[in-house]
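*Asks:* next comes the sequence, and after it the predicted model I'd like to discuss.
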Amino acid sequence: MTRIVTVPTTPYEGQAPGTSGLRKKVRVFQQPGYAENFIQSVFDVVKPAPGAVLVIGGDGRFHNRTVIQQAIRMAAANGYGRVLVGQGGILSTPAASHVIRKYGASGGLVLSASHNPGGPDEDFGIKYNIANGGPAPESVTSAIHARTVEIDRWLTVEAADVDLDRTGEVLVGEMTVQVIDPVADYADLMETLFDFDRIRGIVASGFTMRFDAMSAVTGPYAHEILERRLGFAPGTVVNGTPLEDFGGHHPDPNLIHAKELHDLMMGPQAPDLGAASDGDGDRNLIIGRGRFVTPSDSLAMLAANIEIAPAYRGRLAGIARSMPTSGAADRVAEAFGVPCYETPTGWKFFGNLLDAGKVTICGEESAGTGSDHVREKDGLWAVLLWLNILAVRGISVDELAKSHWARFGRNYYARHDYEGVDKAGADTLMAELLAALPSLPGTVFGPLVVAHADSFAYTDPVDHSVSANQGVRVLFEDGSRVVFRLSGTGTQGATLRVYLERYEAPSGHLDADTGVMLEAQVAAAEAAAGIVRHTGRTAPDVVT
């Protein structure tokens with residue numbers, strides 16, 4: 001009988017899971033008992049049944065291996081019967097979701113800070129996913145947080161580290177640990193969803209692409225699927241080896257951090273398609289030759305064409321988008337006669353809709369897109385769907401975008417991020433906005449007149465749970481809008497996100513400069529919120 005070791009502990013402040021788990025600097029997680037307190041709080045809340053299966057994996061960032069080894073020993077002490085862990089500690093977030101679902105696991109620990117930078121002085125994170133493969137809902141994360149403030153012990157067993165680099169099985173106490181190929185199950189799933197023969201056909205005819213894995217987790221997946229299974233030339237995947245510090249770069253697939261890819265795609269030597277994914281593989285960037293596609297537009301364009309892919313033929317049940325995401329997908333839903341659900345930010349809000357069969361495809365403006373194949377957003381899935389659509393329709397990214405706008409109109413859209421701002425100033429900005437909501441309707445900001453302003457609240461149509469205070473919306477009479485949110489994905493200071501949107505009908509200006517088209521909304525955002533006054537910033541750090 002394995003001896004369970006009880007380690008006394010005291011609570012740490014600030015272990016409330018954000019929109020995607022607990023994220024802090026590595027040095028915070030390196031404090032004695034810090035990660036253990038949080039993991040034990042998870043186990044205390046979910047109360048695994050004896051012999052339950054747990055999946056563990058991460059994006060390969062610094063500190064992953066250390067926490068994985070401790071989590072394995074703690075799982076053995078808490079009654080799990082089997083742990084599935086990705087070889088090298090690697091599992092992309094969508095791959096982890098698939099493994100949980102495929103093998104009937106009770107849940108999983110996903111060790112990642114997503115698109116945040118990695119390294120000894122950078123970020124780390126832990127997220128718990130439930131049995132459907134998706135992020136734990138608020139009822140669970142709230143209970144986990146409540147447990148972290150009162151925890152007084154954590155459990156472990158005395159056992160040597162597991163060799164994470166060798167596939168196979170080993171016992172830790174009385175629990176079996178199986179080190180699995182992190183890529184194979186996911187790659188096999190992709191082959192069941194898309195027409196790989198059609199994609200191979202355009203590759204053989206000369207179609208080219210560049211995929212930037214950003215020295216993060218999708219490198220091994222992209223090498224296997226794009227180069228080996230689909231036949232793209234070696235070298236199509238760049239920065240394809242996961243590094244603990246992501247090569248010193250910020251693994252966020254936006255136009256700032258993927259500038260080299262953007263510059264290539266706007267130049268004379270551009271391939272047909274440019275794409276990238278982020279630290280843990282759940283986000284995507286899509287750029288055609290000379291044409292950047294915003295994540296909001298990508299969601300709408302994929303939704304409008306999803307039934308081209310074999311696994312989705314005849315079954316577009318509905319579309320879901322986060323509230324800050326543009327209304328482009330709404331217009332597709334209306335045209336196709338299916339519902340479109342507007343949820344708060346956070347993939348966990350899509351889980352009930354997907355499980356209930358109410359939606360087939362979901363997306364967020366923060367570059368996350370996915371479907372009911374898993375319960376996470378999935379960067380490489382989105383790239384493959386784009387490839388499938390382009391292969392079947394025989395057009396370029398630019399041609400697809402223009403044909404889409406000609407049918408549905410165009411939602412000009414941008415997100416302005418003010419990163420690492422003083423939290424007190426950001427909180428004051430939001431408090432003043434909330435206080436001003438009743439008086440905003442009728443206010444004139446240049447050419448714009450406020451029609452409605454509110455603090456967004458969401459009632460889940462499946463379980464009827466209510467999520468309030470999910471962002472401030474200012475809606476104008478011309479149909480444009482500005483949204484303000486404080487992000488829950490940063491690890492220091494505060495990140496203020498300002499979302500700006502304006503719709504142009506099919507008869508309007510469909511290929512104008514986005515910045516020019518949103519000038520009035522930018523001015524209105526400053527006038528309404530006093531961004532410069534509260535943050536000291538005269539311009540955003542990142543525009544997407």
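*Replies:* That came through fine. Numbers count the residues shown, from 1 in each chain.
*Asks:* tell me which stretches of the stretch 351-500 of the chain form strands.
*Replies:* Using DSSP state E, counting those that start in this stretch, the strands of the stretch 351-500 of the chain run over 361-364, 368-371, 410-421, 444-445, 448-455, 458-459, 466-467, 472-476, 481-486, 494-504.
*Asks:* got the CA positions of the third one in PDB?
*Replies:* Coordinates of the C-alpha atoms in strand 410-421 are reproduced here as PDB (Å, rounded to 0.1, in the frame of the first residue of the first chain):
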ATOM      1  CA  ARG A 410     -18.300  44.300 -43.900                       C
ATOM      2  CA  ASN A 411     -17.900  44.900 -40.200                       C
ATOM      3  CA  TYR A 412     -14.800  47.100 -39.900                       C
ATOM      4  CA  TYR A 413     -13.300  46.100 -36.600                       C
ATOM      5  CA  ALA A 414     -10.300  46.700 -34.400                       C
ATOM      6  CA  ARG A 415      -9.100  46.000 -30.900                       C
ATOM      7  CA  HIS A 416      -6.900  48.400 -29.100                       C
ATOM      8  CA  ASP A 417      -4.900  46.900 -26.200                       C
ATOM      9  CA  TYR A 418      -3.400  49.100 -23.400                       C
ATOM     10  CA  GLU A 419      -1.100  46.600 -21.700                       C
ATOM     11  CA  GLY A 420       0.400  46.800 -18.200                       C
ATOM     12  CA  VAL A 421      -1.500  50.000 -17.200                       C
END
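*Asks:* partner strands of that strand and their direction?
*Replies:* Pairing partners of strand 410-421, with direction, according to DSSP bridges: strand 494-504 (antiparallel), strand 542-543 (antiparallel).
*Asks:* okay if I get those strands as a markdown table plus mean pLDDT?
*Replies:* Below are these laid out as a markdown table (pLDDT from 0 to 100):
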| stretch | mean pLDDT |
| --- | --- |
| strand 494-504 | 96 |
| strand 542-543 | 84 |
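*Asks:* determine which stretch of those strands is the most buried.
*Replies:* strand 494-504 (a mean of 22; mean count of other Cβ atoms under 10 Å). Where C-beta positions appear, they are placed from N, C-alpha and C, glycine not excepted.
*Asks:* low-confidence ranges in this structure?
*Replies:* Applying pLDDT under 70 to the chain flags the ranges 1, 488-492.
*Asks:* which non-adjacent residue is nearest residue 542?
*Replies:* What sits nearest to residue 542 in space, not counting adjacent residues and going by Cβ to Cβ, 6 or more residues apart in numbering, is residue 417, at 4.2 Å.
*Asks:* just residue 348 next, same as before
*Replies:* residue 135 (4.0 Å).
*Asks:* again with residue 341
*Replies:* Nearest one to residue 341, counting by Cβ to Cβ, 6+ apart, is residue 320 at 4.2 Å.
*Asks:* now for the one you found: which residues touch it?
*Replies:* For residue 320, the contacting residues are 340-343, 350, 353, 358-359, 361-363, by Cβ atoms under 8 Å, 6 or more residues apart in numbering.
*Asks:* ok, which stretches of the stretch 301-450 of the chain are helices?
*Replies:* Along the stretch 301-450 of the chain, counting by DSSP state H, counting those that start in this stretch, helices occupy 328-336, 348-355, 379-393, 397-408, 423-436.
*Asks:* hang on, the earlier thing: go through the strands of the stretch 351-500 of the chain and name the closest to residue 171.
*Replies:* Closest to residue 171 of these is strand 368-371 (Cβ to Cβ; 35.6 Å).
*Asks:* show me what the closest one is packed against.
*Replies:* Where contact means 3 or more Cβ pairs under 8 Å, 6 or more residues apart in numbering; DSSP states H and E, strand 368-371 is packed against helix 295-305, strand 361-364, helix 379-393.
*Asks:* list the contacts of the second one.
*Replies:* What that stands for is strand 361-364. Residues from elsewhere that reach strand 361-364, judged by Cβ under 8 Å, 6+ apart: 295-296, 298-299, 302-303, 306, 316, 319-322, 324-325, 329, 345, 347, 350, 353-354, 369-372, 377.
*Asks:* write the ChimeraX selection for whichever of those residues are buried.
*Replies:* Selection of buried members from those for ChimeraX, criterion 16 or more other Cβ atoms under 10 Å:
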select :295,296,298,299,302,303,306,316,319,320,321,322,324,325,329,345,347,350,353,354,369,370,371,372,377
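*Asks:* re earlier: can you put the strands of the stretch 351-500 of the chain in CSV and add distance to residue 242?
*Replies:* Output for the strands of the stretch 351-500 of the chain, formatted as CSV (distance: least, Cβ to Cβ, whole Å):
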stretch, distance to residue 242
strand 361-364, 24
strand 368-371, 20
strand 410-421, 24
strand 444-445, 46
strand 448-455, 40
strand 458-459, 35
strand 466-467, 34
strand 472-476, 38
strand 481-486, 30
strand 494-504, 25
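*Asks:* name the residues of stretch 421-440 that are buried.
*Replies:* Of all the residues in stretch 421-440, those buried under the rule 16+ other Cβ under 10 Å are 421, 425-426, 429-430, 433, 437, 440.
*Asks:* how far does stretch 209-219 sit from the chain's center?
*Replies:* Per Cα atoms, centre = their mean, to the nearest Å, the displacement of stretch 209-219 from the mean C-alpha position of its chain is 16 Å.
*Asks:* what about it, start to end distance?
*Replies:* The first residue of stretch 209-219 is 15 Å away from its last residue (Cα to Cα, to the nearest Å).
*Asks:* that one: which residues count as buried?
*Replies:* Those would be 209-219, for stretch 209-219 by 16+ other Cβ under 10 Å.
*Asks:* could these go into JSON lines alongside distance to residue 519 and secondary structure?
*Replies:* Formatted as JSON lines, those follow (distance: Cβ to Cβ, whole Å; DSSP: H, G, I helix; E, B strand; the rest coil):
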{"residue": "209", "distance to residue 519": "34", "secondary structure": "strand"}
{"residue": "210", "distance to residue 519": "33", "secondary structure": "strand"}
{"residue": "211", "distance to residue 519": "34", "secondary structure": "strand"}
{"residue": "212", "distance to residue 519": "31", "secondary structure": "strand"}
{"residue": "213", "distance to residue 519": "36", "secondary structure": "coil"}
{"residue": "214", "distance to residue 519": "32", "secondary structure": "coil"}
{"residue": "215", "distance to residue 519": "37", "secondary structure": "coil"}
{"residue": "216", "distance to residue 519": "35", "secondary structure": "coil"}
{"residue": "217", "distance to residue 519": "38", "secondary structure": "coil"}
{"residue": "218", "distance to residue 519": "36", "secondary structure": "helix"}
{"residue": "219", "distance to residue 519": "40", "secondary structure": "helix"}
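*Asks:* ok, these vs residue 168, which is closest?
*Replies:* The closest of the buried residues of stretch 209-219 to residue 168 turns out to be residue 217 (Cβ to Cβ; 21.8 Å).
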